[in-house]
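Visitor: can't give you the sequence, but here's the structure:
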């Protein structure tokens with residue numbers, strides 16, 4: 001008798017999906033919409049970097065804008081999870097906006113650190129992507145006219161930074177970087193500037209680290225890793241990079257419509273994870289799409305022990 005051929009597998013990786021900061025930001029917009037159902041509610045930038053979340057909130061009435069200039073004076077306004085600069089905060093006050101701040105508390109922790117260093121007129125090097133909203137908001141917390149804040153993306157850029165006083169120098173990191181690449185930059189900073197001060201490791205958030213480690217753990221078991229997340233999501237992009245650096249083919253997809261036949265052709269084991277701003281229903285739709293002919297066994301792999309919960313702003 002011929003043996004049955006082993007069935008193909010889909011591995012659902014945990015932890016994945018919404019982190020506490022993203023859940024909080026979305027909840028803030030939903031609660032503000034409910035509280036002010038007869039008024040316009042404006043959200044500065046995408047509240048989180050996921051097009052499906054933004055489209056859903058927009059359908060419920062949220063008005064997303066790219067600038068405070070697009071918001072009428074006195075209007076209800078929500079700041080995104082990525083945070084904003086001091087200049088934006090001050091302009092919101094001048095416009096008399098009624099602001100609900102959805103900045104992730106982990107990002108806000110970095111903001112507070114930058115303000116303390118700025119008050120001492122000491123310099124900062126931030127490891128991150130210069131045009132990302134989180135980085136722009138964090139750099140915008142630095143207001144010293146004596147010192148400076150520099151942004152570097154890789155080791156090569158570190159060598160081009162001019163520091164006035166290396167004895168009074170600090171570093172911070174974007175919260176959604178690749179853990180390994182950030183550590184390489186930190187090592188290079190400590191080698192170049194031996195007296196630099198900073199956290200023992202980095203400011204990368206717990207959820208980003210957990211999701212990257214989960215991908216590392218599963219990459220050797222899979223033929224391909226599908227990462228669900230929008231193209232402008234930093235942490236989602238890093239997950240796909242981590243999978244590739246672990247030796248596995250990986251694709252970043254927004255939803256099941258992005259799954260092309262060539263991505264999965266000949267692949268016996270497909271691992272699926274998602275960035276911290278991707279809703280779980282997107283995973284469910286992808287599994288349904290892939291398994292329409294019941295070709296795959298579905299397995300959960302990994303364990304989510306994340307219990308973090310952040311308080312909502314006053315008034316909500």
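Guide: That came in fine, so what should we check first? All figures in this text were calculated on a predicted structure; none of them were measured in a lab. Numbering: from 1, shown residues only.

Visitor: hmm, who's touching the helix or strand containing residue 214?
Guide: Counting by DSSP states H and E, the element that carries residue 214 is helix 206-219. Helix 206-219 has contacts (Cβ atoms under 8 Å, 6 or more residues apart in numbering) with 11, 13-16, 19-21, 106, 175-179, 225, 227, 235, 238-239, 242-243, 246-248, 271, 273, 275-276, 301-302, 304, 306, 308. C-beta: built from backbone N, CA, C; applies to glycine.

Visitor: show me where the stretch 1-150 of the chain has helices.
Guide: Under the criterion DSSP state H, counting those that start in this stretch, the stretch 1-150 of the chain contains helices at 20-35, 51-59, 86-94, 105-119, 133-139.

Visitor: The longest one - contacts with which helices or strands?
Guide: With contacts taken as 3 or more Cβ pairs under 8 Å, 6 or more residues apart in numbering; DSSP states H and E, helix 20-35 sits against strand 41-44, helix 51-59, strand 76-79, helix 105-119.

Visitor: one more time with 6 Å
Guide: Contacts defined by 3 or more Cβ pairs under 6 Å, 6 or more residues apart in numbering; DSSP states H and E place helix 20-35 against no helix or strand at all.

Visitor: how distant is that helix from the center of its chain?
Guide: Distance of helix 20-35 from the chain centroid (Cα atoms, centre = their mean, to the nearest Å) equals 17 Å.

Visitor: That one relative to helix 206-219, how many degrees between them?
Guide: Relative orientation of helix 20-35 versus helix 206-219 (axes from the mean of the first three to the mean of the last three Cα atoms, to 10 degrees): 130 degrees.

Visitor: buried residues in helix 20-35?
Guide: 20, 21, 22, 23, 24, 25, 26, 28, 29, 31, 32, 33 (16 or more other Cβ atoms under 10 Å).

Visitor: again, but for the fourth one
Guide: Buried residues in helix 105-119, counted by 16+ other Cβ under 10 Å: 106, 107, 108, 110, 111, 113, 114, 117, 118.

Visitor: Now do the same for it: mean pLDDT, whole number.
Guide: Averaging pLDDT along helix 105-119 gives 97.

Visitor: Repeat that for the first one.
Guide: Computed over helix 20-35, the mean pLDDT rounds to 98.

Visitor: now do the second one
Guide: For helix 51-59, the per-residue pLDDT values average out at 98.

Visitor: show me where this protein has strands.
Guide: 8-13, 41-44, 62-65, 76-79, 98-101, 123-127, 149-152, 169-173, 224-228, 249-253, 269-274, 296-301 (DSSP state E).

Visitor: What strands line up against the last one, and which way round?
Guide: Using DSSP bridges, strand 296-301 pairs in its sheet with strand 8-13 (parallel).

Visitor: Would you mind putting the buried residues of helix 105-119 into a markdown table with distance to residue 183 alongside?
Guide: Below are the buried residues of helix 105-119 laid out as a markdown table (distance: Cβ to Cβ, whole Å):
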| residue | distance to residue 183 |
| --- | --- |
| 106 | 18 |
| 107 | 20 |
| 108 | 23 |
| 110 | 17 |
| 111 | 22 |
| 113 | 19 |
| 114 | 21 |
| 117 | 21 |
| 118 | 25 |
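
Visitor: can you put the strands of the chain in TSV and add distance to residue 313?
Guide: Formatted as TSV, the strands of the chain follow (distance: least, Cβ to Cβ, whole Å):
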stretch	distance to residue 313
strand 8-13	32
strand 41-44	14
strand 62-65	16
strand 76-79	10
strand 98-101	5
strand 123-127	26
strand 149-152	27
strand 169-173	24
strand 224-228	29
strand 249-253	32
strand 269-274	27
strand 296-301	35
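
Visitor: and the ones you listed as a markdown table, adding mean neighbour count?
Guide: As requested, those are exported to a markdown table (neighbours: other Cβ atoms under 10 Å):
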| stretch | mean neighbour count |
| --- | --- |
| strand 8-13 | 21 |
| strand 41-44 | 23 |
| strand 62-65 | 16 |
| strand 76-79 | 23 |
| strand 98-101 | 19 |
| strand 123-127 | 26 |
| strand 149-152 | 20 |
| strand 169-173 | 23 |
| strand 224-228 | 27 |
| strand 249-253 | 20 |
| strand 269-274 | 25 |
| strand 296-301 | 14 |
